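Give me coordinates for this.
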Amino acid sequence: MRRFRRPKVIPLLAEKPPSQLPHLSPIPNPSLPQPPQNPSPPSPILTLSHTQNHTHLLTFIKTHIKNPPLTPKTLLHFLKSKLHYHPTFTHLDFLVFNWASTVDSYRHDHSTFEWMVCSLANTARFSELGCLLSFIVANPCPCSDGIFSCPRTEPIFRFAISAYCRVGRLDDAVRAFDSMRKLIDGKASVVVYNILINGFVKCGEHDNALRFYERMGRDRIKGDVFTFNILISSYCRNSQFGLALELFKDMRGKGCSPNVVSFNTLIKGFFREGKFEDGVEMAYEMIEFGCEFSIVTCEILVDGLCREGQVEEACELLIDFSRKGVVPRGYDYYGLVEVLCKKGDSERALEVVDELWRMRNVPSLIACTTLVEGLRRSARIDEALEVMGRMLEVGMVPDIVTFNCLLQDLCNLGRTEEADNLRLLSSTKGLELDATAYTILASGYSREGKKKEGKVVVDEMLDMGFIPDLATYNRLANG
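Residues are numbered from 1 along each chain as shown. Below is the predicted model:
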């Protein structure tokens, strides 16, 4: 029976003489590790001394692990359901794990290995995680006693490798990968290679990522679309766009179909290089390939062209995509509408919105609001009123400020009755009107000499509590 070697046990609590230790019968009671020479200050929630911690921990173990023999199932239940939620002992799970490994007739299996790896990785205890992985190599799961290795070995190591890569401990990740390969049957999955390659890329180690990709080829592991996407992105980040294109061609040559991420990365690369026509051509190639656009695809193309001042090209491109039926649902073209309205070209903005809306690419609330404001500033009140009406008809409730501004514009043009009809429509669609809206209408009717209609509005204001006193009522009623 293999035991956990002493150098790999993480010392946390002080060792007590055997005579002073609580008896854990019928489970053997091995000595706990020595405390570290320079122990770090305890957490504020840990108010017990080392001696008290030691005694209370053993009492806690004895209370919850009673029936012999100790098994991986009972230990896992204790770690997950008891120790994990204890305010004082939750960080001592690895100590208990070590203690269990010294119990006669007990042997850890993949369930306790997996829980312990996840616990150490999620709490950033990477030194202990390295010790644990070494222990797993020296003491494999009982499932490996036959001719085949434990099927959970790779997922366990994969989680650890991912955790190492996430914090930039790439040397530890590679060591864990090498250890894993010694334990598993056959080849490692492409997923593990991708995790490591992505780890190198995220840490800016492009050359190491390429070397590991070459190792992947030597190991006769076929890269998948994620492998190529990671490397294409890395080439683009390192200003090697030509090599990214070559890899894209190589990808298709090896029978690996690119996905939307592959195309998006290259389109963005073209735009970064200032090759806008090539980027647009890549988008059309994407359509021919049968790959659906994502929201990100449209954002890269439209926003990229707008940033370069090619606003009209962006409009034409988006309208063409809409007619081809490839604009994804949920794409918000607010940015394009805003650019056009800032340029004072609200007429073109309205054309774009009309075309896309007609093809069921409904604009967002903020896009419609921006368009209404742009039309108002261009004195195109009829078009602004039409857009506002369409918004309300589809249940898109505008903000009260924009709504009131449009009411004021209509009243200023002597069209108070139309403004009042818009007010009645909006109230049925859920817009909560304020005193300002009613005041605008009452003043409008007064200027037009329509005292009867104005009094109806003022009486409604009174019913809604918007008129504080009789003087205000008389002033509004009399204009």
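
three-state assignment of S105?
Counting by DSSP: H, G, I helix; E, B strand; the rest coil, the backbone at S105 sits in coil.

Now it. Nearest residue, chain neighbours left out?
P69 (5.9 Å; Cβ to Cβ, 6 or more residues apart in numbering). (Glycine included, C-beta is placed from N, CA and C.)

thinking that neighbour is in contact with Y106, fair?
Yes. Using Cβ atoms under 8 Å, P69 is in contact with Y106, at 7.1 Å.

Please identify which of these two sits among more neighbours.
Under the criterion of other Cβ atoms under 10 Å, the comparison of P69 against Y106 puts Y106 first, with 20 against 11.

which residues touch that one?
Listed by Cβ atoms under 8 Å, 6 or more residues apart in numbering, the contact set of Y106 reads P69, L70, T71, L75, A100.

same thing but at 6 Å, please
Counting by Cβ atoms under 6 Å, 6 or more residues apart in numbering, Y106 touches L70, A100.

Roughly how far does it sit from W99?
According to Cβ to Cβ, to the nearest Å, Y106 stands 10 Å off from W99.

Likewise for D278?
63 Å.

who's more crowded, these two?
The residue with more neighbours, out of D278 and W99, is W99; 26 against 16, by other Cβ under 10 Å.

What strand or helix carries the more buried one?
Per DSSP states H and E: W99 is located in helix 93-101.

tell me, what residue is most central in this structure?
The centre of the chain sits closest to V296, judged by Cα atoms, centre = their mean, with a distance of 14.3 Å.

I'd like to know how far the nearest residue to it once chain neighbours are set aside sits from D303.
In this structure, V296 finds its nearest non-sequential neighbour in N264, 5.5 Å apart by Cβ to Cβ, 6+ apart. Separation of N264 from D303 (Cβ to Cβ) stands at 13 Å.

Quick check on these two: which one has the bigger neighbour count.
Counted by other Cβ under 10 Å, N264 and D303 do not tie: N264 has more neighbours, with 23 against 16.

pretty sure the more buried one is touching F293, no?
No. If you go by Cβ atoms under 6 Å, N264 and F293 don't touch, sitting 9.2 Å apart.

picking that back up, for the residue nearest to S105, helix, strand, or coil?
coil.

Quick one, grab the pLDDT at it.
If you check P69, the pLDDT there is 82.

what's the answer for F241, then?
94.

And for it, the neighbour number?
18.

and if you look at the one 4 residues further on?
Residues contacting L245 under the criterion other Cβ under 10 Å number 18.

My guess is D185 contacts S149. True?
Yes. Counting by Cβ under 6 Å, S149 is a contact partner of D185 at 4.8 Å.

Neighbour count for those two, which is higher?
S149 (18 against 12).

Would you mind giving me the confidence score for the more buried one?
At S149, pLDDT is 91.

Hmm, it is touching I184, no?
Yes. If you go by Cβ under 6 Å, S149 and I184 touch, sitting 5.3 Å apart.

re the thing from before, list the buried ones in the helix or strand immediately after the helix holding W99 in the chain?
Downstream of helix 93-101, the first helix or strand assigned by DSSP H and E is helix 110-122. Within helix 110-122, the residues scored as buried using 16 or more other Cβ atoms under 10 Å are H110, S111, T112, F113, E114, W115, M116, V117, S119, L120, A121.

now the angle from helix 110-122 to helix 93-101?
Calculated by axes from the mean of the first three to the mean of the last three Cα atoms, to 10 degrees, helix 110-122 forms an angle of 150 degrees with helix 93-101.

quick one: contacts for the residue lying closest to L318 once chain neighbours are set aside?
Among residues not flanking L318 along the chain, V302 sits closest, at 5.7 Å (Cβ to Cβ, 6+ apart). For V302, the contacting residues are A314, L318, L336, by Cβ under 6 Å, 6+ apart.
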